[in-house]
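[1] I need the structure of the sequence given here:
(chains A and B)
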Protein chains: 2
Amino acid sequence: MERVAIIGAAMTQFGQRDAWVRELLAEAGAACLENSGVKAEALDHLYVSNMASGEFEGQTGIPNALAHDLAALPAYTARIDQTSSSGGAGVYAAWQSIASGASEMTMLVGGEKMTHRSTAEATDVIASLTHPVEYKQGVTLPSFAGLTARLYLDTYDAPRESLGKVAVKNHKNGVDNPHAQFQKEVDLETVMESPVVADPLRLYDFCPITDGSAALLLCPESVAKEYTDSYVTIEGIGGATDTHVVHERADPTTMGGVVDSSEIAYEMADMDPDDIDVAELHDMFTILEFLQSEDLGFFEKGKGWKAIEDGVTDRDGELPINTSGGLKSKGHPLGASGVAQVYEIYQQLTGNAGPRQVDANVGLACNVGGFGNCVTTTIMEAN
Amino acid sequence: MERVAIIGAAMTQFGQRDAWVRELLAEAGAACLENSGVKAEALDHLYVSNMASGEFEGQTGIPNALAHDLAALPAYTARIDQTSSSGGAGVYAAWQSIASGASEMTMLVGGEKMTHRSTAEATDVIASLTHPVEYKQGVTLPSFAGLTARLYLDTYDAPRESLGKVAVKNHKNGVDNPHAQFQKEVDLETVMESPVVADPLRLYDFCPITDGSAALLLCPESVAKEYTDSYVTIEGIGGATDTHVVHERADPTTMGGVVDSSEIAYEMADMDPDDIDVAELHDMFTILEFLQSEDLGFFEKGKGWKAIEDGVTDRDGELPINTSGGLKSKGHPLGASGVAQVYEIYQQLTGNAGPRQVDANVGLACNVGGFGNCVTTTIMEAN
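    Predicted structure coming up:
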């Protein structure tokens, strides 16, 4: 089977945007076509990654709207939802559309518009993904994060400051990302003294609520060569689901969906964790960066926190993580985030990351839905 | 590339159900596994077709819930939404998962829970798929149907009664479908004298609001042979999108998405309309059965109404349409409908349609989202 290539990527400014999701999708989609020299009429399939346009805006059918706005008719359209990992699920759908031969040119556009709703409203929409037995107890994703962080710190004898350093690192990276919601550094003291949200986690351990969109163009490698000399191939991709009820997990500090999805992706790519040069992880909460970096096999279980203490995951470290600023400083428009992770890896592997550029030939993106409920892992390589 | 087979199918009772969508999905999914002798742990991918569980029930993340309820972890899960054609989009996604090699066993479960909401509330959720410029004018899908029916009757000199006969035929078929919401005949007089909804269409020209779920199991043909001697192969499948703004269409009596998606499906199958022995069309409104039967190439443009007058589409006619009772009498739980169409074709092609059985070797399902906004067409053949 021919390899699937990514030949273009774009993203909008992330942050508080005065635009509905359909406008954000059109902005990213049009930029992606423009960047890559692909005409809208070349699109066979057009996918939209989005969790909740109906709940947030009262607007559904947004893939149909996007096909209209990009003049991409009669391209086949559909919406892919996997809650906060809708973007990664969209990458997987787009990959399948090419690998199956159904499409020779697929655009994926992820997006979400959230900031017009209050934090309480937005959090409640997101919490609707939890199992009813937990939701009824008032459980939200931040509360899971607090409980898990406490367990992790206690079990692995990790200092609270190590979590704060994830926020400091990712904010530092975000300074050089012109699309990031926050382009400013924070110091450890600010993080450690910010208001408690879910003990031991504080305000700066959490990603913000964000509007934004990101887009990718995928095609068979033979078609990619017709458009450009510089592209990225998807070498491995996999998805997996963990328990809906979080308290049913044997060890809440292990994200089973990350372990299982990455095993599929590594096997398809015929690679192992040592082959990865740069990674975008789903740092919706600081603690999640540790868990994923361990469950992806980058570090031993319980040692993820040491990597940040030692600077291993800094931009100039051995394995830079979240060079984009991560969800923490770039922002987290649900359906866009997994697409924007792949955007960052694409920029790094094609040498277009500007001041964020690191030396990398192989990159990985890990997009997490819910509290690890469902995960996609994608491994990419420069051509 | 190896052919994709359907080796199992199940559906719940359609109608007013005292169960949430996650319960309906689990009921159909468990029955499908049971029917086909496939164990939950054999599932690589598990897709849910659903338009609006968040809007209807305040519950999202339902693929995660289904993986839990079926004990299918760590199968990859995602939700596929394409409004009222979510089921067909799910069939396409499931096909792609097998054809791409990503999965060797994929379950698709479509479902929706709607009847706990008022007709006005449900209609408004559905209307949120229309373009904002039309929605603001109070446009709903039934209003488009009324306008289109008037245009069709005038343009093609068709009698109003021919539309009524679609309802009569499909109700008659539904009598023999134990899963149908309405298992009772209606006579032409009842249809013609029912209350006007959107002139010239009356109450009996419209499908009901329905709860229900349907499930399918897909795998490569080589795997199918390990489980059963009796299966169906997907010979052709395609999807296409038409304008989001309905009034931008040059001829509202032609559904461009039906034309374009069926061209892809016929080409892939190396078949033409004459090869189709039985079809399930998306008769959300009676007029849509005429439009699709013409745009799929079964009958000349403007002649679809004559086919019903001549009995061609009756169960004992030359090309039986909607042997299941169609959306009209079986019901239309949005995300389930496209899956239930394929369920019916599967039953017909495997000779398990009971009193509804017709003589058929090749069948077609056409699932329409919005008012023809997005369409998938699937052509299946008995093995």
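
[2] where along the stretch 51-200 of chain A do the strands fall?
    Using DSSP state E, counting those that start in this stretch, the strands of the stretch 51-200 of chain A run over A:76-81, A:106-112, A:196-198.

[3] does anything pack onto the longest one? Which helices or strands?
    Right, strand A:106-112. The contact analysis (3 or more CB pairs under 8 Å, 6 or more residues apart in numbering or on different chains; DSSP states H and E) places strand A:106-112 against helix A:21-36, strand A:45-49, helix A:86-99, strand A:212-220, helix A:334-349. Backbone N, C-alpha and C define where each C-beta goes, glycine included.

[4] and that strand, what's buried?
    A:Thr106, A:Met107, A:Leu108, A:Val109, A:Gly110, A:Gly111, A:Glu112 (16 or more other CB atoms under 10 Å in any protein chain shown).

[5] my guess is A:Ile126 contacts A:Pro142, does it?
    No. Using CB atoms under 8 Å, A:Ile126 makes no contact with A:Pro142, being 9.5 Å away.

[6] mind checking which of the two has more residues around it?
    When A:Ile126 and A:Pro142 are compared for neighbours, A:Ile126 comes out ahead with 25 against 19, by other CB atoms under 10 Å in any protein chain shown.

[7] apart from its neighbours in sequence, what residue is nearest the more buried one?
    Closest residue to A:Ile126 apart from its sequence neighbours, by CB to CB, 6 or more residues apart in numbering or on different chains: A:Leu141 at 6.2 Å.

[8] surely that neighbour touches A:Leu288?
    No. Applying CB under 8 Å as the test, A:Leu141 and A:Leu288 come out as separate, 10.0 Å apart.

[9] so between those two, which is more surrounded?
    Between A:Leu141 and A:Leu288, counted using other CB under 10 Å, the more crowded position is A:Leu288 (27 against 22).

[10] give me phi/psi at the residue of the stretch 151-300 of chain A found nearest chain B?
    The minimum distance from the stretch 151-300 of chain A to chain B, using CB to the nearest CB, falls at A:Gly239 (3.4 Å). A:Gly239 adopts backbone torsions of phi -140, psi 150, taken as degrees, to the nearest 10.

[11] any idea how far A:Met255 is from it?
    A:Gly239 sits 13 Å away from A:Met255, going by CB to CB, to the nearest Å.

[12] those two: which has the busier surroundings?
    A:Gly239 (31 against 28).

[13] coming back round to it: for B:Ile276, state which of the buried residues of strand A:106-112 is nearest.
    The closest of those to B:Ile276 turns out to be A:Thr106 (CB to CB; 28.5 Å).

[14] hmm, that closest one is touching A:Val48, no?
    No. Look at A:Thr106 against A:Val48 with CB under 8 Å: they stay out of range, at 11.7 Å.

[15] for the residue of the stretch 151-300 of chain A closest to chain B, what are its contacts?
    By CB atoms under 8 Å, 6 or more residues apart in numbering or on different chains, A:Gly239 lies in contact with A:88-89, A:92, A:261, A:264, A:374-377, B:45, B:76-78.

[16] next, count neighbours for A:Asp18.
    A:Asp18: 8 neighbours (other CB under 10 Å).

[17] wait, a strand at it?
    No. Secondary structure of A:Asp18 (DSSP: H, G, I helix; E, B strand; the rest coil): coil, not part of a strand.

[18] thank you, goodbye.
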